[in-house]
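Q: below is the sequence, then the predicted model.
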Amino acid sequence: MAKPAEPVEIDEAADVAPAKKSKKKLFVILGALVLLLGGGGAAAWFFTQGSDSHKEAQAEPPKVPIFLPLETFTVNLQDGEQYLQTDITLQVFEQTQADAIKLHMPRVRSRLLALLSSKHADELATSEDKKKLAQEIKAQINLPFDPKGKPQQVDDVLFTSFVIQ
């Protein structure tokens, strides 16, 4: 009956070997899990904390734009046979700017009439041409109204209607 004792020893050795492998696997899995959780936590902290300037930018509410529609402009274009009719709306972010533009509306209209009537129809055909014209309008309006005055701060020029005939 000595024979049954030998197989028991072989079975114990076989049981011990898989236990060591499963413990190694367990440690590797736990190590990987700790690294993933630590990395995720660090990333979450980084994105939520950010820099101080980022916090200030989030704390300050965005400025609400003020839209200032101008009366319709109708001008003869340089080729003499066509005219432009357009409605323009200005965007500013401060009420003081809107008030200054309203106060000096005759100057604003005069500047824009001179600018618009200096154009040829083919200079206003594409969307890029209209973007360029919007920048020119913005530059004209941003010029100081008084010789020693401050320039205006128009942030955008929007065309709400644009017809060439």
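A: Good, I have the coordinates.
Q: secondary structure class of Val64, three-state.
A: Applying DSSP: H, G, I helix; E, B strand; the rest coil to Val64 yields a three-state assignment of coil.
Q: what sits against it?
A: Taking Cβ atoms under 8 Å, 6 or more residues apart in numbering as the criterion, Val64 is in contact with Phe93. Placement of C-beta: from N, CA and C, glycine included.
Q: list the contacts for the one residue sitting closest to the centre of the chain?
A: In the chain, the centroid-proximal residue (Cα atoms, centre = their mean) is Pro62; its distance is 12.0 Å. Contact analysis of Pro62 by Cβ under 8 Å, 6+ apart lists nothing.
Q: rounded mean pLDDT for stretch 46-62, please.
A: Taken as a whole, stretch 46-62 carries a mean pLDDT of 64.
Q: counting by contacts, list what the helix or strand where Gln91 lies packs against.
A: Per DSSP states H and E, Gln91 falls inside strand 83-92. Secondary-structure packing of strand 83-92 (3 or more Cβ pairs under 8 Å, 6 or more residues apart in numbering; DSSP states H and E): strand 66-69, strand 73-76, helix 95-103, helix 105-117, strand 156-164.
Q: what residues sit buried inside it?
A: Tyr83, Leu84, Thr86, Ile88, Leu90, Gln91, Val92 (16 or more other Cβ atoms under 10 Å).
Q: again with stretch 133-153
A: Leu133, Glu136, Ile137, Lys138, Gln140, Ile141, Phe145, Gln152.
Q: turn the residues you listed into CSV, columns for secondary structure, distance to Ile101 and pLDDT.
A: CSV is the format used below for the buried residues of stretch 133-153 (DSSP: H, G, I helix; E, B strand; the rest coil; distance: Cβ to Cβ, whole Å; pLDDT from 0 to 100):
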residue, secondary structure, distance to Ile101, pLDDT
Leu133, helix, 18, 97
Glu136, helix, 17, 97
Ile137, helix, 12, 96
Lys138, helix, 12, 97
Gln140, helix, 12, 95
Ile141, helix, 7, 95
Phe145, coil, 9, 90
Gln152, coil, 6, 91
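Q: specify which member of these is nearest to Val28.
A: Lys138 (63.1 Å; Cβ to Cβ).
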